[in-house]
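J.: build me a structure from this.
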Amino acid sequence: MGVLSAVADAVVVLFSLTIAMAAPLIGAQSVLPPHLYPAPLRDFKRWYAAEFDDYLMAQPPAFLLGIFWLEIAFLWPLSVATIYGVLARRRWGATTSLMAGVSTLTSMSAILGEMLGSGRATPRLLQLYAPYLVFAVIAILRGLCSCSAPPSPASSARKKRV
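T.: All right, here's what the predicted structure looks like:
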């Protein structure tokens, strides 16, 4: 069980790190003024959209703009907290992992539904997005099945006051 937990922690930290970096640097370019970003970062986003034929990133529909705002306001800080919580072995790390997983699963359901429903997604693009669906499930399971050691009797015992 310890190895499985360590693998889940590594997956959650890795994908939370990608979200923590991509949300403000890439996704937010679609909703924030372009002058806030340096030219190389804007060029990187254009290159990515062309290279992976990511039609959603090239011309995001209205629902995706809403998801980008959600990522900036909610998922980005939550991902940063999850990284810290998991690495520092904080008890609340399971809660932030669960929240990040549910948020990511919800967003990915809408995005993959659009991709599969439109028929415009290439297999390469689906391979790029699918791991985030797997991450979301692992993050949810990590949050729900967080097996932490019970508190020691010395730390949980209350002192009687006379």
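J.: only C-alpha atoms for contact and neighbour calcs from this point on.
T.: Noted.
J.: endpoints of stretch 33-47, how far apart?
T.: 19 Å (Cα to Cα, to the nearest Å).
J.: and that stretch, how far out from the chain middle?
T.: In terms of Cα atoms, centre = their mean, to the nearest Å, the centre of stretch 33-47 is found 22 Å from the chain centre.
J.: which residues are in contact with that stretch?
T.: Residues from elsewhere that reach stretch 33-47 (Cα atoms under 8 Å, 6 or more residues apart in numbering): 25-26, 29, 58.
J.: now with 7 Å, please.
T.: Outside of stretch 33-47, the residues within contact range by Cα atoms under 7 Å, 6 or more residues apart in numbering are I26.
J.: same question for stretch 90-101.
T.: By Cα under 7 Å, 6+ apart, stretch 90-101 touches 75, 78-79, 81-82, 85-86, 136-137, 139-140, 142-144, 146.
J.: pLDDT weak spots in this protein?
T.: Scanning the chain with the threshold set as pLDDT under 70 gives 1, 147-162.
J.: what ranges do the helices span in it?
T.: Secondary structure of the chain (DSSP state H): helices at 2-25, 39-51, 55-58, 62-70, 76-87, 93-118, 123-144, 153-156.
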